[in-house]
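K.L.:
Provide a 3D model corresponding to the input given below.
(one chain, ligands or ions: 2)
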Amino acid sequence: KTATADWLMSQTKHRPQVAIICGSGLGMLADTLKCQDSFAYADIPGFPQSTVQGHAGQLVFGELKGKTCVCMQGRFHMYEGHSLCKTTFPIRVFKLLGVETLIVTNAAGSLADGFQTGDIMIIKDHINFPGLVGLNPLCGPNDDKFGPRFPAMSGCYDKGLRCLAMEIAKELGVASVLQEGVYAMVGGPNFETIAEARLLHRLGVDAVGMSTAPEVVVATHCGLRVFGLSLITNKVVKSYEDTESVNHEGVLEIGRLRSHTVQQLPNSLSYF
Ligand SMILES: O=P(O)(O)O[C@@H]1C[C@H](O)[C@@H](CO)O1
Ligand SMILES: Nc1nc2[nH]cnc2c(=O)[nH]1
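P.N.:
Ligands and ions are numbered 1, 2, ... in the order given. The predicted structure is shown next:
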């Protein structure tokens, strides 16, 4: 990680305070950065590679409303075959670069009854299903340089940033599509069966996806302030009568349709 951070610092003058991870189809979050320096993951020493459609695979540095940001256009998922250590590798690199705030975004399916496709959910908390059974990026020897052996996760989605996002959404006139709720990470890559969807619903999950939780665990471990957003790209099918089914192209399409609205919140938040 140190070698990667040193290499990046030798290649760009930007020293980011905020890092943004773009979810599936949400790579446009990087487009508004000014004075960009971009690096393909393939050219960054030690960096894993993106293999999923809708994840461009580059790191973009730039300025956003006077704050320096680094944006991952493409994240790493466990289902791609990466170890959890690899999927979360960039987080510790960001910490070494001096980042203080991490903004995570993802595409997710909704289980909550009141949610609509196209809604944006502020993540209040998560259920890390792989983590609960021991698939956790913090397994193995603890690196005390980054954080404690047994980190608390009770406040991992910063309350101040969540309240601020609500305020900003009202000012931007997008409060009607804003929700707040619990995100659950499952391993993927298949979408849920109806029985699994019903189980998640009964457990109090509002939206389900295949990423984010390991990144947030590693970020919280090393003391980063975290804000998370899920774009609701589909309703998870919970009824045997329902003939619709979800697919990745549909997920990416909702990202394109909602790009402007999704861009606004991280843009305004990174200012603080
Ligand atoms: O990277 P995210 O979590 O946004 O990607 C979601 C989960 C799967 O990777 C993909 C399914 O369409 O979207
Ligand atoms: N697991 C899961 N991930 C998603 N990502 C986008 N939509 C979905 C979904 O319905 N289920």
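
K.L.:
ok, the one residue in the chain that gets nearest to ligand 1 to V236 distance?
P.N.:
Per CB to the nearest ligand atom, G23 is where the chain lies closest to ligand 1, at 2.8 Å. In short, each C-beta sits where N, CA and C put it, glycine included. Note on G23: its distance to V236, by CB to CB, to the nearest Å, is 16 Å.

K.L.:
of those two, who's got more company?
P.N.:
G23 (28 against 24; other CB atoms under 10 Å).

K.L.:
tell me the mean pLDDT over stretch 31-46?
P.N.:
The pLDDT scores in stretch 31-46 average 94.

K.L.:
likewise for stretch 262-272?
P.N.:
76.

K.L.:
what of stretch 178-189?
P.N.:
97.

K.L.:
begin at 27 from here
P.N.:
Sure, I'll start counting at 27 from here, so that last one is stretch 204-215.

K.L.:
and E206, that's in a helix?
P.N.:
No - residue state for E206 (DSSP: H, G, I helix; E, B strand; the rest coil) corresponds to strand; a helix is not indicated.

K.L.:
around ligand 2, which positions in the protein sit nearby?
P.N.:
When proximity is defined as CB under 6 Å from any ligand atom, the chain approaches ligand 2 at 133-135, 212, 214, 217-218, 234-236, 259-260, 262, 272, 277.

K.L.:
for these, which one is nearest ligand 2?
P.N.:
Of these, the one sitting nearest to ligand 2 (CB to the nearest ligand atom) turns out to be G135, at 2.2 Å.

K.L.:
so what's the closest one scoring on pLDDT?
P.N.:
pLDDT, G135: 98.

K.L.:
show me what it is bridged to.
P.N.:
Listed beta-bridge partners, G135: V234, N260 (assigned using DSSP bridges).

K.L.:
how about the contacts made by it?
P.N.:
F217, E218, A233, V234, G235, I258, T259, N260, K261, V262, V272 (CB atoms under 8 Å, 6 or more residues apart in numbering).
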